[in-house]
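> Give me a model of this one.
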Amino acid sequence: MTLLALERLMHEVVREARPVDAAAASLGVDPARLSIYRDFVRHHVRTALDTNLGVTRALLGPDRWGALFEDYLRACPPSSWELNAAAEAFPDFLARQVDEGRPGLHPFHASVAEFEWTQFTVLRHPAVIPPAPAAPTLNPTLTLLEQGWPVVPFLVAWDRGERGAPLPEARASLALLFRHPRTERCCYFAAHDDLLFAIKATHDELDAEAAAAASGHALEAVRGALDRAHELGLVIRP
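Residues are numbered from 1 along each chain as shown. Below is the predicted model:
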């Protein structure tokens with residue numbers, strides 16, 4: 001058997017498209033050992049999804065989630081040594097399922113999945129946050145996520161324990177996600193004007209006085225916006 005044929009056989013076993021006993025017989029191996037490998041890979045993918053996309057899983061419910069897992073495993077078998085990477089393709093997979101009209105799915109579900117995966121990528125962002133930069137600087141892990149649904153306020157309410165609320169109406173939304181310089185947790189905020197102003201001023205290397213002069217805003221308001229951005233961890237100061 002060629003390596004390619006072996007890979008295809010193992011994919012069929014993992015996806016449960018071929019019985020373990022039949023595959024083991026063709027390979028001349030112990031079915032019990034082959035079952036261990038199949039179960040390990042399936043558990044690995046399921047754990048990656050459950051861990052990284054917990055809100056999406058809860059919104060969909062156990063039955064739909066289980067069926068989606070089986071279809072996802074068939075459509076997007078894992079190909080990376082990194083465990084969490086097994087969930088990377090799920091947001092796009094879910095969006096395609098929505099577009100195809102799969103019952104029980106809503107476009108908001110796909111947006112939540114995309115948001116949750118972005119949270120993971122922010123946590124694993126390779127940038128090092130400087131502990132004491134020479135001048136105010138933007139958090140290098142800052143990620144902007146533009147979506148058609150207001151995911152941030154929904155997740156804020158979810159974190160407060162408010163479950164069972166109806167899904168929100170469609171609305172263009174821009175979210176700011178970044179890793180906090182001290183807690184190392186992923187923070188996320190809707191892109192309010194004061195935060196966007198702080199990003200612009202810091203990017204242009206303007207202090208409060210210069211930013212106030214350039215924008216025409218009151219100095220006190222500008223200082224408040226810059227201080228707030230620093231408190232959140234969005235702007236790193238010396």
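> can you tell me which helix or strand the closest residue to Arg57 other than its chain neighbours belongs to?
Nearest residue to Arg57, sequence neighbours excluded (C-beta to C-beta, 6 or more residues apart in numbering): Trp65, at 5.0 Å. Using the backbone N, CA and C atoms, a C-beta is placed for each residue, glycine as well. In this structure, Trp65 sits in helix 54-75 according to DSSP states H and E.
> Helix, strand, or coil at Val128?
coil (DSSP: H, G, I helix; E, B strand; the rest coil).
> Give me the distance between the two termini of stretch 128-140.
7 Å (C-alpha to C-alpha, to the nearest Å).
> Other residues contacting that stretch?
With contact meaning C-beta atoms under 8 Å, 6 or more residues apart in numbering, stretch 128-140 is reached by 125, 127, 141, 178-179, 181, 199, 202-203, 205, 207, 226, 230, 233-238.
> Pull out the buried members of those.
Buried members of the contacts of stretch 128-140, counted by 16 or more other C-beta atoms under 10 Å: 125, 141, 178-179, 181, 199, 202, 226, 230, 233-236.
> For Ala212, give its distance to Ile236.
Look at Ala212 and Ile236: by C-beta to C-beta, to the nearest Å, they are 21 Å apart.
> Next, check the contacts of stretch 128-140 against the strands and list the overlap.
Residues of the contacts of stretch 128-140 located in strands (DSSP state E): 178-179, 235-236.
> how about those in a markdown table, adding pLDDT and distance to Thr56?
Formatted as a markdown table, the ones in strands among the contacts of stretch 128-140 follow (pLDDT from 0 to 100; distance: C-beta to C-beta, whole Å):
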| residue | pLDDT | distance to Thr56 |
| --- | --- | --- |
| Phe178 | 98 | 21 |
| Arg179 | 98 | 21 |
| Val235 | 97 | 31 |
| Ile236 | 97 | 31 |
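> which element follows the helix holding Trp65 toward the C-terminus?
Defined by DSSP H and E, the subsequent element after helix 54-75 is helix 90-99.
> Can I get stretch 150-158 in CSV, CA atoms only?
Presented in CSV, the C-alpha positions along stretch 150-158 are these (Å, rounded to 0.1, in the frame of the first residue of the first chain):
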residue,chain,number,x,y,z
PRO,A,150,-23.1,43.0,17.0
VAL,A,151,-21.2,40.1,18.6
VAL,A,152,-19.5,42.2,21.4
PRO,A,153,-22.6,43.3,23.3
PHE,A,154,-24.1,39.8,23.0
LEU,A,155,-20.9,38.3,24.5
VAL,A,156,-20.7,40.9,27.2
ALA,A,157,-24.3,40.0,28.3
TRP,A,158,-23.4,36.3,28.0
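> In contact with the residue nearest to the spatial centre of the chain, which residues?
The centroid of the chain falls nearest to Trp117 when counting by C-alpha atoms, centre = their mean (1.3 Å). Shown in contact with Trp117 (C-beta under 8 Å, 6+ apart): 52-53, 87-88, 90-91.
> A helix includes it, no?
Yes - assessed with three-state DSSP, Trp117 lies in a helix.
> quick one: it and Phe189, what's the gap?
Relative to Phe189, and taking C-beta to C-beta, Trp117 is found at 18 Å.
> Equivalent analysis for Gly61, please.
29 Å.
> List the buried residues of stretch 208-217.
Using 16+ other C-beta under 10 Å as the test for burial, stretch 208-217 gives 208, 211-212, 217.
> how far is that stretch from where the chain is centred?
36 Å (C-alpha atoms, centre = their mean, to the nearest Å).
> got it, and stretch 8-16?
That offset, for stretch 8-16, works out to 28 Å (C-alpha atoms, centre = their mean).
> Fine by me, we can end here.
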